[in-house]
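Trainee: please work out how this folds:
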Amino acid sequence: MKIFITGGAGYIGSHVSIQLLDAGHEVTVYDDLSLGFKENIDERAKFVNGSTLDLYHLKKSLSDNFDLVIHLAAYKAAGESMELPSIYSNNNINGSVNLINVMLEHGIKNLIFSSTAAVYGYPSYLPIDENHALNPINFYGYTKLVVENLIQWYAKLGKLNYVIFRFFNAAGYDANGRIKRVEQNPANLLPIIMETANKTRKKVEVYGDTYDTADGTGVRDYIHVSDLALAHEKAIDYLSEKNSNLITNLATGEGYSVLEIIKRVEDLISTKIIYDVVKKREGDPAVMIASSKIAYEELGWEPHFSRIDIILDSMWNIYKGF
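Mentor: Purely as a prediction, here's the structure:
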């Protein structure tokens, strides 16, 4: 298939691109490099430097008879979204509207959209499944939910077929070392721990140690980015074969606390990780784990690389070089 990937130079997008190229698809990466790196784009892919906010360039770039679009381009820092809502609404919502409308102009009906666990908000039960109430507690999650709703409306009107993935905590790196650059200004725990381990930053801030968990720190569900990439390959097959729509979580259903992750990294690299316990952040639930039963049943997907030790080892293999 001929596939157009927005945000394909980013952390998740570069892994998705490699997965699809390995599977024999023809890939065009569309990215403005504001968060991604040209070095992470596989040489087999075509690269177009562009933004979803540039309507003229988007129309020109999507005119090349694509079969399917994967939309990964977005700003994704939850805390920042609360400080800069206008930037997030413009990039995440307006950029998505532009993309979908241009897709339809060019007769492209199939869309895979990268959403987020943040659409759920505080869990009312665990593990979270796709029937859980949608009540985002940060503006980033809200922007993703708006786009989810937009996509579903276009589908009701017969304009789109879609797969929407609600990612949990993506982590890890390509096992073959083909991704050369790490994330810029990470806001997630695991890359922050890795930056502390390689001395890029001085310490990890642990947001609270009085949660109702075994060690008092928050528990999260981590999934290897290569497993996310595999899910996209499965979703392409699903859309081409079933001509149907799907919303599913991508997670493992297993949780690890902040202190447990820190201890595992210390054991991995035989180095002490310096951390300070600071005030809890508003909007952080004690535990966030999810079911991916729909992905298993409908896509035939299951994670292969998401054991926490595999995730951490793959991350350290790249971070130790910086």
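Trainee: need the next SSE after the least confident helix or strand in the chain by mean pLDDT, C-terminal direction.
Mentor: Lowest on mean pLDDT, DSSP states H and E among the helices and strands of the chain sits helix 78-83, with a mean of 94. For helix 78-83, the following helix or strand on the C-terminal side (DSSP states H and E) is helix 85-88.
Trainee: which neighbouring elements make contact with that next one?
Mentor: helix 139-156 (3 or more CB pairs under 8 Å, 6 or more residues apart in numbering; DSSP states H and E). Just so you know, the C-beta spots here come from the backbone N, C-alpha and C atoms, and that holds for glycine as well.
Trainee: tell me the buried residues in the helix it packs on?
Mentor: Neighbour counts over helix 139-156 (16 or more other CB atoms under 10 Å) mark 139-148, 150-151, 154-155 as buried.
Trainee: Throw those into TSV and include distance to H106 and pLDDT, thanks.
Mentor: Below are the buried residues of helix 139-156 laid out as TSV (distance: CB to CB, whole Å; pLDDT from 0 to 100):
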residue	distance to H106	pLDDT
F139	31	97
Y140	29	97
G141	30	97
Y142	29	98
T143	24	98
K144	24	98
L145	26	98
V146	23	98
V147	19	98
E148	22	98
L150	18	98
I151	17	98
Y154	14	98
A155	17	98
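Trainee: which residues outside the least confident helix or strand of the chain are in contact with it?
Mentor: Y75, Y88, A118, N138, F139, Y140, G141, T143, A187, R281, G283 (CB atoms under 8 Å, 6 or more residues apart in numbering).
Trainee: one more time with 10 Å, if that's ok
Mentor: For helix 78-83, contacts defined as CB atoms under 10 Å, 6 or more residues apart in numbering pick out 75, 77, 87-89, 92, 116, 118, 136-143, 185, 187-188, 281-284.
Trainee: among these, name the buried ones.
Mentor: The neighbour-count criterion (16+ other CB under 10 Å) marks 75, 77, 88-89, 92, 116, 118, 136-143, 188 among the contacts of helix 78-83 as buried.
Trainee: give me the neighbour count for E43.
Mentor: 6 (other CB atoms under 10 Å).
Trainee: quick one: contacts for it?
Mentor: E43 makes contact with L21, according to CB under 10 Å, 6+ apart.
Trainee: phi and psi next, for it.
Mentor: The phi/psi pair for E43 (degrees, to the nearest 10) reads phi -70, psi -20.
Trainee: show me how far stretch 231-251 is from its chain's centre.
Mentor: Here stretch 231-251 is found 16 Å from its chain centre; the criterion is CA atoms, centre = their mean, to the nearest Å.
Trainee: and for stretch 84-103?
Mentor: When distances are taken as CA atoms, centre = their mean, stretch 84-103 is centred 17 Å away from the chain's centroid.
Trainee: how far does it stretch from start to finish?
Mentor: Start and end residues of stretch 84-103 are separated by 28 Å (CA to CA, to the nearest Å).
Trainee: same thing with stretch 68-81?
Mentor: With CA to CA as the measure, the ends of stretch 68-81 fall 29 Å from one another.
Trainee: let's verify the residue lying closest to D313 once chain neighbours are set aside: helix, strand, or coil?
Mentor: Excluding its sequence neighbours, the residue lying closest to D313 (CB to CB, 6 or more residues apart in numbering) is L268, at 6.5 Å. Three-state assignment for L268 (DSSP: H, G, I helix; E, B strand; the rest coil): helix.
Trainee: got it, and V69?
Mentor: Under three-state DSSP, the three-state class of V69 is strand.
Trainee: how about R201: what's its closest non-neighbour residue?
Mentor: With sequence-adjacent residues excluded and distances taken as CB to CB, 6+ apart, R201 is closest to E195, at 4.6 Å.
Trainee: elements contacting the strand or helix carrying the one you found?
Mentor: Using DSSP H and E, E195 sits in helix 189-197. Under the contact criterion of 3 or more CB pairs under 10 Å, 6 or more residues apart in numbering; DSSP states H and E, helix 189-197 touches strand 169-171, strand 204-207, helix 258-269, strand 275-278, helix 308-319.
Trainee: got the angle between it and helix 308-319?
Mentor: 50 degrees (axes from the mean of the first three to the mean of the last three CA atoms, to 10 degrees).
Trainee: give me phi/psi at the residue at the greatest distance from the centre of the chain?
Mentor: Here the centre of the chain is the reference, and by CA atoms, centre = their mean the most remote residue is S270, at 29.6 Å. Here is the backbone geometry of S270 (degrees, to the nearest 10): phi 60, psi 40.
Trainee: what residues are up against it?
Mentor: By CB under 10 Å, 6+ apart, no residues touch S270.
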